[in-house]
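Student: Attaching a predicted model along with its sequence, questions to come.
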Amino acid sequence: MQLPSNISDERSLRIALEQIVRTISNVTGTFVLPANATSINVVHGKAAPNTVVVVSPLSDNAQGSKWSYASSGGQFTVKFGDTVAAPRTFGYVLFGV
C-alpha cells in the first residue's frame, strides 16, 4: 500500500487515522424514542439546517420503522409514522457538518 503524498511515514498515518476517528465520533450518537411517541428532538451541537441525518434502528422493535427528519441549528427532529408500546433505540450519523 502506498501512502498519500502528504503522509510520509507510519506515525503520520496513525495521527491522520486518529483524527478521522475523532471526527466520526463527534457526529454520531444514539437516541431512544419513548413508547407511544411519534417524534423526538435530538440536541447535537453539530446539527445545522443543511445537515443530512442518517438514522439506523438499533433495537429489534425499531426495525421497519419509517421516519423523516428536519435539521436546524444545534438539533434535529425525527418524526415517525407509527407508534409502538415500547421505547425504540436508534443510532445516527450527521453529514455535512
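Tutor: Cool, the structure landed. Residues are numbered from 1 along each chain as shown.
Student: isn't residue 51 right up against residue 76?
Tutor: Yes - contact criterion Cβ atoms under 8 Å: residue 51 and residue 76 qualify, at 6.9 Å. Placement of C-beta: from N, CA and C, glycine included.
Student: Give the residue from those two that has the larger number of neighbours.
Tutor: Taking neighbours as other Cβ atoms under 10 Å, residue 51 and residue 76 compare with residue 76 leading, 24 against 18.
Student: low-scoring pLDDT stretches of this structure, where are they?
Tutor: 1-8, 21-25, 97 (pLDDT under 70).
Student: if we can go back for a sec, identify the contacts common to residue 51 and residue 76.
Tutor: Between them, residue 51 and residue 76 share these contacting residues under Cβ atoms under 8 Å, 6 or more residues apart in numbering: residue 94.
Student: mind listing the helices for the protein?
Tutor: Assigned by DSSP state H, the helices in the chain fall at 10-25.
Student: how about the strands in it?
Tutor: 28-33, 39-43, 52-57, 67-72, 75-80, 88-95 (DSSP state E).
Student: Out of the ones you listed, flag the one nearest residue 14.
Tutor: Among these, the nearest to residue 14 by Cβ to Cβ is strand 28-33 (21.4 Å).
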